[in-house]
Every structure is written in C-alpha cells, then in structure tokens.
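Student: sequence below, structure please.
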Amino acid sequence: MSLRYRHSEQELIELLRMGDEKAFKELYRCYWDILLDGAFKRLGSIEQAEEIVQDIFVSLYVRRGDLHIATSIEAYLKNALKFKVFDVFRRQITREKYIDNALKNLHHDTITPEEALQIKELKEKIDNVTKEIPEKCREVFLLSRVENLPHKKIAELLGISVSTVEKHISKATRILRTNFKEYHLEVVVLLAYLYQH
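Tutor: Sure thing, here's the model as predicted:
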C-alpha cells in the first residue's frame, strides 16, 4: 500500500515520533484494512480482528516516541499483528482449560453450598440476560461461538447476509459483555448453551 503523505517512509516515522497527528492518521488510513483482513483470516471473528488491530494502533501511538523500525512500516505492523494473533490463541487455550476445569468441578460432589448458590445465581442471571437478546441474534451468536461456524456458512444456513451475521454477533457480544464483566465471555456462552439444552 502506497502512502499519500508527501514525506518518505522514514520521514513519516520521524514525524510520528514527534507526535505528528497527520502522520499517524496516514498510517492508520493506509494499513487498517490490510491488518484487519489479515487478522480476520486468522481468527475468523470480525470483533476479535477489529479489537487487536485497534490495539496495534493504540500501542503504536502510545509508544511513538520510542519507535525504532528497522524494516518497512508494513512489515513492522504485520509482525505486531502476528504476535497479537498468537496471544489471542494462547489466551484461548488457557480459557479452554479453565472452562474444562470449571465443568469438571460442576459434576463433583465437593461443591460447597456457597458455590452452589453462586452457580444458581449465575444461571438465573444468564436466563434473564439471554431474554434481552433477540431470538435470531442469539441463534447466530451460538452458531458462531459454540458451533464455531464461519460467518459465511451461518449466512447460508439462515438465508441472511454476512454483514447481518456480523451485526447479530456484535449485538449479542455487547449485551453479554455489558452484563457479565466479571466473567470470561466464553464461560458465560458455554453455560448459557448448556442451560438451554
């Protein structure tokens, strides 16, 4: 992607170090779509892709005064993306282990009365919150997060557009994250699915 900015790449980096807002906006404009496309291909989630690309640019701006880019800007940003994606997968593995352990504990006879009450309260909260999510929106979200279907496949199954699928997932995610800030989202999704079956 070519830069429209009147300066060379190295001059642009130097301007960014000095806090030049136009230089940052130019980098954002030129590389946002490239990074978003790369992130989405690896993660299969537009929400996760947007989140990590946003993180990359926030980090770039915060650390602008200490930037030392030996390669091209594009190579630097793509390398940052690679590490961000790796971190997502690492955290996902950790969370899956957490969920497995949590589910195993649910079936043990060693659950204390206090833990049983917490589980009951969480179930009631999940029941109430899921009622706020429209049926079609909830269906799309579960197909994506529980069945791990790609957006295109969900669109084909339900006869809707991919953009509509993405809107449903974003809405459901927003509702769940707003109401369950103290929990891992994956745990809430899995429990919601189990309680409905």
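
Student: low-scoring stretches of this protein, by residue?
Tutor: Residue ranges of the chain with pLDDT under 70: 1-7, 91-112, 115-116, 118-119, 146, 181-197.

Student: show me the domain layout of it.
Tutor: As given by automatic domain parsing, the domain ranges for the chain are 9-89, 111-195.

Student: how about the ones you listed in a markdown table, adding mean neighbour count?
Tutor: (Glycine included, C-beta is placed from N, CA and C.) Shown next, in a markdown table, are the domains of the chain (neighbours: other C-beta atoms under 10 Å):
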| stretch | mean neighbour count |
| --- | --- |
| domain 9-89 | 16 |
| domain 111-195 | 16 |
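
Student: mind checking how far the closest residue to Phe141 other than its chain neighbours is from Lys125?
Tutor: Computed as C-beta to C-beta, 6 or more residues apart in numbering, the closest residue to Phe141 that is not its neighbour in sequence is Ala172, at 3.7 Å. The gap separating Ala172 from Lys125 is 16 Å, by C-beta to C-beta, to the nearest Å.

Student: who are the packing partners of the one helix or strand Gln10 maps to?
Tutor: Secondary structure from DSSP states H and E places Gln10 in helix 9-17. Other helices and strands packing on helix 9-17, by 3 or more C-beta pairs under 8 Å, 6 or more residues apart in numbering; DSSP states H and E, are helix 21-43, helix 73-106.

Student: and the angle from the first one to helix 9-17?
Tutor: It refers to helix 21-43. Orientation check (axes from the mean of the first three to the mean of the last three C-alpha atoms, to 10 degrees): helix 21-43 against helix 9-17 gives 100 degrees.

Student: next secondary structure after helix 21-43?
Tutor: Following helix 21-43 in sequence, per DSSP H and E, is helix 46-62.

Student: sec struct for Val165, please.
Tutor: Secondary structure, DSSP: H, G, I helix; E, B strand; the rest coil: Val165 is helix.

Student: didn't it look like it was pressed against Glu139?
Tutor: No: between Val165 and Glu139 there is no contact under C-beta atoms under 8 Å: 10.5 Å.
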